[in-house]
Structure formats: C-alpha cells, structure tokens
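pasting the sequence and the predicted coordinates here, then a few questions.
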Amino acid sequence: MAWILGTTTLPSPRGFKRRFVEKSTYHEMINGASKKDISNRKERFELTFTRLTQAVIAGILAEFELKQALSFEVSDGDLSIASTLVHVDISGRDYNTKGSEFREDVTLSLTEVT
C-alpha cells in the first residue's frame with residue numbers, strides 16, 4: 001500500500017478523485033451533425049488529507065517547493081496507477097486541531113504533464 005509523490009511516501013488519503021482535463025472544440029456541420037476535435041486530454045488527481053502531522057506536511061511542502069514536475073504512483077489494493085509526471089498544486093491548508101500539536105487538512109491537485 002503506497003502513495004508516492006516524488007521521493008515522499010504519502011499516507012492514504014481520506015478522499016481521492018480522478019478527473020479528465022480536455023481541450024476540445026465542437027464543430028456543427030451544415031447537415032446538422034456535430035464533430036468534436038480533441039487536441040489534448042490528461043488526467044487530474046485530487047487527494048484530500050485530514051489531520052496530517054507537521055512532519056508529513058513538511059515532506060509534502062519540500063516536494064512542492066521544488067517547483068518542478070514530480071512522479072506520482074499508487075499501489076493500494078486493487079488501485080494501481082503507474083508512475084506519471086504531474087504538476088503539484090496545494091489548494092489550501094486548514095488547521096483543525098490546536099494546542100501543542102497542530103494537525104492540518106490539505107488538498108493536493110496533481111495534473112499530468114503530458
């Protein structure tokens with residue numbers, strides 16, 4: 001069971017979504033038919049984490065601060081995603097616990113490079 005981003009092994013996410021990002025154009029023909037020209041299609045992975053420790057967040061931010069495409073791969077039960085290069089976006093960091101140990105909620109958006 002492994003979720004790997006760059007050189008960091010991530011914990012299992014609380015939520016996981018896969019979306020297709022597509023650049024396309026629809027053309028209406030004179031006879032009423034329509035045609036769709038797809039110029040590019042890639043996948044976006046959204047990982048939601050809750051109550052991460054500051055040590056885990058520091059590892060994720062270290063990868064994010066590299067400002068380059070990172071490899072992403074998953075092997076978790078029946079889910080298997082081969083290593084693919086992705087751009088990393090962090091949508092927000094929420095602190096849900098206070099006190100001596102701050103825990104964070106974070107959502108990562110990983111968009112395929114190709």
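That came through fine.

please count neighbours and contacts with C-alpha atoms only from this point.
Will do.

assign the most far-flung residue of the chain relative to its centre to helix, strand or coil.
Distance from the C-alpha centroid of the chain peaks at residue 31, with 41.7 Å (Cα atoms, centre = their mean). Three-state assignment for residue 31 (DSSP: H, G, I helix; E, B strand; the rest coil): coil.

swap in residue 56?
Quick answer, by three-state DSSP: residue 56 is helix.

quick one: contacts for the residue farthest from the centre of the chain?
By Cα atoms under 8 Å, 6 or more residues apart in numbering, no residues touch residue 31.

how about the strands in the protein?
Using DSSP state E, the strands found in the chain span residues 2-5, 8-10, 15-28, 34-52, 70-76, 79-97, 103-112.

dump the ones you listed into JSON lines; add mean neighbour count and mean pLDDT as well.
Below are the strands of the chain laid out as JSON lines (neighbours: other Cα atoms under 10 Å; pLDDT from 0 to 100):
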{"stretch": "strand 2-5", "mean neighbour count": "18", "mean pLDDT": "94"}
{"stretch": "strand 8-10", "mean neighbour count": "16", "mean pLDDT": "93"}
{"stretch": "strand 15-28", "mean neighbour count": "11", "mean pLDDT": "91"}
{"stretch": "strand 34-52", "mean neighbour count": "14", "mean pLDDT": "92"}
{"stretch": "strand 70-76", "mean neighbour count": "18", "mean pLDDT": "94"}
{"stretch": "strand 79-97", "mean neighbour count": "14", "mean pLDDT": "90"}
{"stretch": "strand 103-112", "mean neighbour count": "20", "mean pLDDT": "93"}
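
quick one: which of these is nearest residue 64?
Closest to residue 64 of the strands of the chain is strand 79-97 (Cα to Cα; 6.4 Å).

helices and strands around the closest one, which ones?
Applying 3 or more Cα pairs under 8 Å, 6 or more residues apart in numbering; DSSP states H and E, we find strand 79-97 packed against strand 70-76, strand 103-112.

using JSON lines, lay out those strands together with distance to residue 64.
Listed next are the helices and strands packed on strand 79-97 as JSON lines, based on distance: least, Cα to Cα, whole Å:
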{"stretch": "strand 70-76", "distance to residue 64": "9"}
{"stretch": "strand 103-112", "distance to residue 64": "10"}
